[in-house]
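> Below are the sequence and a predicted model; questions follow.
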Amino acid sequence: MPTLVLLRHGQSQWNLENRFTGWVDVDLTAEGEAQARKGGELIQSAGIELDEAFTSVQTRAIRTCNLALDAARQSFVPVTKDWRLNERHYGGLTGLNKAETAAKHGEAQVTIWRRSYDIPPPELAPGGEYDFSKDRRYAGKDLPSTESLATTLVRVLPYWEAAIAPRLSAGETILVAAHGNSLRAIVKHLFNVPDAEIVHVEIPTGNPLVIELDLGLKPVAVRYLDESRAESLPAIG
Ligand SMILES: O=C(O)[C@H](O)COP(=O)(O)O
């Protein structure tokens, strides 16, 4: 049976500092590393045998993937990295403190920027501290200057369809170690979550979300491996 394990990276330095991160390549904190290892241990103790893993080109997700595979004693599993699994691009909010931004613009506006489906944050001005066009991992790519969850899904979905879905359709067990919003995009697609309801879907750091699928890739069962840190899950069917 196709099985998908979604793993949000462990706590990053900017999760800790409460800053909008998006495409900034911050690393894990020591606690984030421990969360990633714990995720791997849970995968191992659940008896999940992975065939392949996919991650973004961002350090916090790559290191989470590697730490989890090591802890699961499955470091031999092939890993593919692709920018289309990156966190959503936070545009002009990148680097700002989330609480200070809420104090300035109001909680309601910040919730719209963070959790609405299709309202993106303001665009990132080119040439500043966070100009990702100078980063060689994005050379030749048509980069966004901001992303909503909807536009994140627009770039995640072709990669999902081309690289990940065929492996699942072949009956594999797949780990995707990625980011809060690239994973919310995958969950929205798989569970057909209505646009107005995706605002309520949160994915905790370092807690493997195991989704069993039928051969048409419709979810038939879903659970978090660490129930003590679970968030509510979208309905099946
Ligand atoms: O990019 C970020 O700041 C976080 O990884 C996710 O942020 P969010 O909870 O505001 O979507």
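Perfect, I can see it now.

> isn't there a strand covering G47?
No. Judged by DSSP: H, G, I helix; E, B strand; the rest coil, G47 forms no part of a strand; its state is coil.

> if I look at it, how far off is the ligand?
According to CB to the nearest ligand atom, to the nearest Å, G47 and the ligand sit 30 Å apart. C-betas here are computed from N, CA, C, even on glycine.

> what about whichever residue of the chain sits closest to the ligand, how many neighbours?
Residue of the chain nearest the ligand, by CB to the nearest ligand atom: T21 (3.6 Å). If you count neighbours by other CB atoms under 10 Å, T21 ends up with 24.

> In three-state terms, label it for me.
Looking at T21 with three-state DSSP, the answer is coil.

> Please list all residues in contact with the nearest residue to R114 once chain neighbours are set aside.
The shortest distance from R114 to any non-neighbouring residue, by CB to CB, 6 or more residues apart in numbering, is to K98 (7.9 Å). Residues near K98 by CB atoms under 8 Å, 6 or more residues apart in numbering: 18-20, 110, 114.

> Just the buried subset of those residues, please.
19-20, 110, 114 (16 or more other CB atoms under 10 Å).

> quick one on the thing from earlier: what residues are up against the residue of the chain closest to the ligand?
By CB under 8 Å, 6+ apart, the neighbours of T21 are 12, 14-15, 87, 90, 94.

> Which residue, other than its chain neighbours, is closest to the residue nearest to the spatial centre of the chain?
By CA atoms, centre = their mean, the chain has its centre lying nearest to H179, at 2.2 Å. Nearest residue to H179, sequence neighbours excluded (CB to CB, 6+ apart): E87, at 3.7 Å.

> And for L149?
Y117 (5.3 Å).

> how much space between that neighbour and R167?
28 Å (CB to CB, to the nearest Å).

> Also V26?
Counting by CB to CB, the gap from V26 to R167 is 29 Å.

> go on, R115?
In terms of CB to CB, R115 sits 30 Å off from R167.

> before we move on, what about D82?
Applying CB to CB to D82 and R167 gives a distance of 13 Å.

> Would you enumerate the residues in contact with the nearest residue to G171 once chain neighbours are set aside?
Spatial nearest neighbour of G171, excluding adjacent residues (CB to CB, 6+ apart): P2 at 5.8 Å. Contacts for P2 (CB under 8 Å, 6+ apart) come out as 168-174, 212-215, 217.
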